[in-house]
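Q: Sequence first, predicted model second:
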Protein chains: 2
Amino acid sequence: MNDKTTEGGKPRVVIIGCGFGGLEAVRGLSKAAVEITVVDRTNHHLFQPLLYQVATAGLSAPAVSSPIRHTLRTEMSRGNLTILQALVTGIDVNARQVLLDGGQTLPYDHLIVAAGATHSYFGHDDWAAFAPGLKTLDDAFKIRSRVIGAFERAERCTEPAERQPWMTFVVIGAGPTGVEMAGTMTEIAQHTLPQEFRRIDSTATKVVLMEGSDRVLGAFVPSLSEKAREQLVRLGVDVRTGCKVTGIDADGVTYETADASGAQTHRLQSKTVIWAAGVAGSPLGRMLAAATGATADRAGRIVVEPDLSLVGHPEICVIGDLASAKSFEVGKPATASEGKPVPGVSPGAKQMGRAAAANLLRRLRGEPTQPFHYADYGNLATVGRKAAVVDLTVPIFGAIRFSGLFAWLFWLFAHVYFLIGFRNRLTVMIDWGWAYWTYERSARVVAEPPDVGAGAGAAGR
Amino acid sequence: MNDKTTEGGKPRVVIIGCGFGGLEAVRGLSKAAVEITVVDRTNHHLFQPLLYQVATAGLSAPAVSSPIRHTLRTEMSRGNLTILQALVTGIDVNARQVLLDGGQTLPYDHLIVAAGATHSYFGHDDWAAFAPGLKTLDDAFKIRSRVIGAFERAERCTEPAERQPWMTFVVIGAGPTGVEMAGTMTEIAQHTLPQEFRRIDSTATKVVLMEGSDRVLGAFVPSLSEKAREQLVRLGVDVRTGCKVTGIDADGVTYETADASGAQTHRLQSKTVIWAAGVAGSPLGRMLAAATGATADRAGRIVVEPDLSLVGHPEICVIGDLASAKSFEVGKPATASEGKPVPGVSPGAKQMGRAAAANLLRRLRGEPTQPFHYADYGNLATVGRKAAVVDLTVPIFGAIRFSGLFAWLFWLFAHVYFLIGFRNRLTVMIDWGWAYWTYERSARVVAEPPDVGAGAGAAGR
C-alpha cells in the first residue's frame, strides 16, 4: 500500500478522519515536505453544526456536506496528499501502521487521530433502535424519515387514542442539538404542516424536550439557559428538566423525577424519540488507549498530553471530539498552570488540527512542541425562528451576551459564513430565505417508504 | 377507515399512485362533488425525467421531488381530498375496496390505478443485485453510491489489473435513461474528477453503453439515433449495439454478438453495471388482471379499453406506465380506427390522468365516456453537455428534428419549465449553471460508506 507514500523518502503522516480537526491538520501540513494520507470512512466532510437541518428537512444533504476530494483539491494539487475512503480496523503502534478493511496497511511516521465521536446511550445500547442519535448524514435521513413518517402514520389512524403517540415527539438531552431539534420540530408542526392533512390537526402536536440536569444548554451561563428556555416555551416546546430517563421502547419513554416527597416514575407515550443526550469517543479511541497505555475518560475520550500527543508516543496526536484536551496559556510552559478543559465544539477541533500540524512541523525541525492553547471566542446556539442565545468572549472587553432576534441573525450569518464552499453558502441562503418567508421546508422528501408492515412490496409507486 | 370518505354521500374515488398520471387525475377531479383518496407508498411526487441527475450526483433529491401534500395543497384546501402514505396490498374488485398494509381497507365507487412501472430483468431477477435500475429516489442513491464509490475503490487498488474493473462502467439499454446515464458518467470521469485522485487517472475510465438492437434511442427516427450515437462517441462513450446480454455477476457482463460467421460470446470485466433495459408494470397490474379477467401484456401492462377502463369494470381505470393504452382520433368513435399505441412517456401519463378524470365526471353525469386521444408533441432526449436530440411534432407543419447544442438548450428549458414548484426550478437552475461553468457536481455526497469488508464499524469518522 505504501507504493507512493514513501516517495522521495519524506516523513509519512497518516490522518484518520476528515472532520473539522482532520481537515485543518491536512491544511497545516500541506505545504511541508511530508507525505500525507487522509483516511475517512465516508467520502465527505460534514458541516455538523447544520446537520439538524437535514434531519428536520430544512436542507438537503449536499447543502451541508462537501466531497473531501473537492474540499481538498488545492492541497491535492501540491502532489503530496493521498485521500482514501476506507474503514480503519486497528492501529499497530509498535509496527507504526494503520490497518484498513480488506487487510491493507498504511505505514506512518506520524499519526494524527481525529476519528470523532458517536452517540452514547450510557450502557443502554438497546435504546438505540428506538431513539436514533444525530452524527452522520445517514442518521439525519433516518430521523427525517421518522419525523415526517410519524405525521403520515397519524393521518392513517382512525382512533384518536391511537393517533396521540404518533403526534408526540420526545427529544432527550437539551444541549445545542436537542434544543435545535425541539425548536425546529415545533415550527414544522405549527407552521409548515397545517392545511396539509385532512384528519389530524398538526398544531396539536406535542414536542417534549427532556433533560436530566436542571436547565437547558448547560454549557452556557444560567441567565442564557433561562432565556433559551423562555424562547423554547414561547415556540411551544414542553421543556422538562430534572428528568432521569430509565427506559425507552417502541411506545415511549419511562423517566423519573424527584421532589421533596421522593422519586416518582412517569411514562410518556411517543412513537418518535430522538437521542441528543450522550456522546462517546469513536471506538478507535479505546483501541488506542489499550495499545499505548493512554487513559480513556468515562466518555471514551483519550486524555492527551499538553501538546496533544499520547504519553510515550510523541508520534501520535489525538485531536477533536476524541481528545480530552486542556488549554494552556500562550508562551508559558504547560507546567505553569493546570490547564482548562477544551469544550467539544468545532472551533476546538479546528484549533487542535492546526496545533497538531504545527507541533508535527516543530518536531521535524528538531524544535520542542508547544502546549495547546484554545482561543475561546464564545458560544452560540439557535433555538428556532428568531430565537437564539449568544455568549461572546471579546478580548479585553469581556463577555457580551444577548438572545432573541439579533442573536438568531448573528447565529445565521456565522453559520453560513463558516459553511465550506461558496456554492453551498449560496444554496443554503436561498433555502433559508425561502423557508423564512413561506414556512415551507425544502427537503421534506423521504427516499424510501417506512417499513409499513408485511405489504406486497410494490404498489402505489 | 371510511369515517370521512363517505361524508355527505358523495361518490368515493380512490387513486393509487401519485406520479404524473395520478397527480393529473386528482387535479381533474378536485373541483367536482366527489370524495377523493390518493394512496402512494412514498411521501413525494417524483420528477422522473431528471432522476438520472440524482443518480449521477448533479442534483439533490429534494430538487427533483416534492412532498405530495405540498404539491396538492391547493386541492387539499377544497376539503374533499385525503392523502395516505400506504402500501396497497391488493384490490378486492367484487367488494370494491383497496386493501392497505396493516389490514386497513379503502372502499371505492371509482378506482384509478396509476401504480407505474418497475425494472424488468427479463426473467433474470438474480441480475438485480449486480445491476441496479433507476426508478425511485432510493435507486438513485444506490447508483450514486456505486458510481462514486467505484472511483474510491480504484484509488485504493495497488495493482493496475485490479483497478480496471472499478474504472469500467457498463450501462445496459440505450433508451433515454441509458443514454443520459452513459453521457453523464463520461462527463464526470473526463471533467469533474481529474486532479482529485492521486493514483488513478479518471480520464482513463471506460463507459460502455450496451444495447440489444442495432441503434440507440430506438423510439426516435433512425437519423436522430445516428446523431445521438455520434454525440455519445464524441463525449467518449463506447457504444456497442447488437449485444445480447446473457449474464451479469459481481465481476462483469457476459454478452453475445452475431455476425456472418455466427454468434460469439464476450466478457466485459466491470464492477459497476447499471440496468436501463427493461421496464415492467407494477405487480399490482397482474393482480388486477387476475381479478378482472383483463389482459396483461408481456411487460405486465394492463390492456385497457379505449376509454382507459377495464373490460367489464367501467368503474376501474388504469393509466400511465401500467396501462397498455391506445390513442384514437378526437371526436370519432373508437371503432372508427384501430388506435395507435401510446408511448410510455410522462406526457402520455399526464394526458391519461386528465382523460380518466374527465371520463369519470362524464359517467357521474350519465354521459358516455370518450376514447382516449394522445396529443403527441414529439420526443426529446439529452445525451450530455451540449448534446441532445429533439423530434417535435408541430400541427400542420409536421416534424421538426434537430440535435446538438440547440437541442440541448431546448431540452434544458423544457425540463426546468415542467419541474414542479417554483423553488425547485430556481435551485435546479443554480445547480446547473454552476455545474456548467465549473464542471463540479453539487451532490457528490454518499450518505453511508459502502460495505467495505468486515471492518470494526466505527473509525475514521
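A: Right, received. Where do you want to start?

Q: Relative to chain B, how far out is A:Ile143?
A: Using C-beta to the nearest C-beta, to the nearest Å, we find A:Ile143 at a distance of 12 Å from chain B. Using the backbone N, CA and C atoms, a C-beta is placed for each residue, glycine as well.

Q: Count residues in the vicinity of that residue, would you?
A: 24 (other C-beta atoms under 10 Å in any protein chain shown).

Q: Is it in a helix, a strand, or coil?
A: Here A:Ile143 is recorded as helix under DSSP: H, G, I helix; E, B strand; the rest coil.

Q: pretty sure it is touching A:Leu134, no?
A: Yes: in this structure A:Ile143 lies within contact range of A:Leu134 using C-beta atoms under 8 Å: 6.2 Å.

Q: Could you tell me which residues touch both of the two?
A: Residues touching both A:Ile143 and A:Leu134 (C-beta atoms under 8 Å, 6 or more residues apart in numbering or on different chains): A:55, A:274.

Q: how about A:Glu24, phi and psi?
A: Reported as degrees, to the nearest 10, the phi and psi values for A:Glu24 are phi -70, psi -30.

Q: Also A:Arg401?
A: The phi/psi pair for A:Arg401 (degrees, to the nearest 10) reads phi -120, psi 130.

Q: burial count for it?
A: A:Arg401: 16 surrounding residues under other C-beta under 10 Å.

Q: In space, what's closest to it - neighbours in sequence excluded?
A: Distances taken as C-beta to C-beta, 6 or more residues apart in numbering or on different chains place A:Asp391 nearest to A:Arg401, at 5.1 Å, with adjacent residues excluded.

Q: what kind of secondary structure is the one you found in?
A: strand.

Q: Can you verify my assumption that it contacts A:Gly378?
A: Yes: contact criterion C-beta under 8 Å: A:Asp391 and A:Gly378 qualify, at 5.0 Å.

Q: Tell me which of those two has more neighbours.
A: Shown here are A:Asp391 and A:Gly378; by other C-beta under 10 Å, A:Asp391 has more neighbours (21 against 14).

Q: and that one, what is it in contact with?
A: Here A:Asp391 is in contact with A:220-221, A:224, A:378-380, A:399-401 (C-beta under 8 Å, 6+ apart).

Q: now those in CSV, with pLDDT?
A: Putting these into CSV (pLDDT from 0 to 100) gives the following:
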residue, pLDDT
A:Phe220, 94
A:Val221, 94
A:Leu224, 95
A:Gly378, 90
A:Asn379, 90
A:Leu380, 90
A:Ala399, 88
A:Ile400, 92
A:Arg401, 93
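
Q: Out of those, which sit inside helices?
A: Those of the contacts of A:Asp391 mapping onto helices are A:Leu224, per DSSP state H.

Q: Chain B contacts on the stretch 301-450 of chain A?
A: Counting by C-beta under 8 Å from any C-beta of the partner chain, the stretch 301-450 of chain A comes close to chain B at A:423, A:426-427, A:430-431, A:434, A:440, A:442-449.

Q: Quick one: buried ones out of the residues you listed?
A: Neighbour counting with 16 or more other C-beta atoms under 10 Å in any protein chain shown marks A:423, A:426-427, A:430-431, A:434, A:440, A:442-447, A:449 as buried within those.

Q: picking up where we left off before, of the residues of the stretch 301-450 of chain A next to chain B, which belong to strands?
A: If you go by DSSP state E, these have nothing in strands.

Q: re the thing from before, ok, of the contacts of A:Asp391, which one's closest to B:Gly173?
A: Closest approach to B:Gly173 among the contacts of A:Asp391 (C-beta to C-beta): A:Leu380, at 52.2 Å.

Q: Provide a list of residues in contact with A:Thr205.
A: Contacts of A:Thr205 by C-beta under 8 Å, 6+ apart are A:151, A:167-169, A:185-186, A:189-190.

Q: any weak-confidence spans in the stretch 351-461 of chain A?
A: A:421-423, A:448-461 (pLDDT under 70).

Q: Could I get the full set of strands for the stretch 201-350 of chain A?
A: Along the stretch 201-350 of chain A, the segments classed as strands by DSSP state E, counting those that start in this stretch run A:206-210, A:238-240, A:244-249, A:252-259, A:262-269, A:272-275, A:279-281, A:302-303, A:309-310, A:313-318, A:323-324, A:326-327, A:340-341.

Q: nearest to B:Ser327, of those strands?
A: Of all the strands of the stretch 201-350 of chain A, strand A:272-275 comes closest under C-beta to C-beta, at 47.7 Å.

Q: coming back round to it: and the strands of the stretch 201-350 of chain A, which one is worst for confidence?
A: Comparing mean pLDDT across these, the weakest is strand A:279-281, with a mean of 90.

Q: quick one: strands adjacent to that one?
A: When sheet partners are counted by DSSP bridges, strand A:279-281 sits next to strand A:117-119 (antiparallel).

Q: For A:Asp391 and A:Gly378, list the residues in contact with both.
A: In terms of C-beta under 8 Å, 6+ apart, A:Asp391 and A:Gly378 are both contacted by the residues A:399-400.

Q: Tell me which residue in the stretch 201-350 of chain A sits closest to chain B.
A: Distances between the stretch 201-350 of chain A and chain B by C-beta to the nearest C-beta are smallest at A:Leu284, namely 4.3 Å.

Q: Any regions of the stretch 101-250 of chain A where pLDDT drops low?
A: For the stretch 101-250 of chain A, no range has pLDDT under 70.

Q: which bits of it sit near chain B?
A: Near chain B, when you scan the stretch 101-250 of chain A using C-beta under 8 Å from any C-beta, you find A:101-102, A:104, A:114-116, A:118, A:136-138, A:141, A:148-149, A:152, A:155-156, A:158, A:193, A:195-199.

Q: Repeat the analysis, applying 6 Å as the threshold.
A: Residues of the stretch 101-250 of chain A lying near chain B by C-beta under 6 Å from any C-beta of the partner chain: A:101-102, A:115-116, A:118, A:137-138, A:152, A:156, A:196, A:198.

Q: Those in strands, which ones?
A: Among these, DSSP E puts A:Thr118 in strands.

Q: now the residues of the stretch 101-250 of chain A next to chain B as JSON lines including neighbour count?
A: Converted to JSON lines, those look like this (neighbours: other C-beta atoms under 10 Å in any protein chain shown):
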{"residue": "A:Asp101", "neighbour count": "21"}
{"residue": "A:Gly102", "neighbour count": "15"}
{"residue": "A:Ala115", "neighbour count": "31"}
{"residue": "A:Gly116", "neighbour count": "32"}
{"residue": "A:Thr118", "neighbour count": "20"}
{"residue": "A:Leu137", "neighbour count": "22"}
{"residue": "A:Asp138", "neighbour count": "15"}
{"residue": "A:Glu152", "neighbour count": "21"}
{"residue": "A:Arg156", "neighbour count": "21"}
{"residue": "A:Glu196", "neighbour count": "20"}
{"residue": "A:Arg198", "neighbour count": "16"}
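
Q: Alright, calling it a day.
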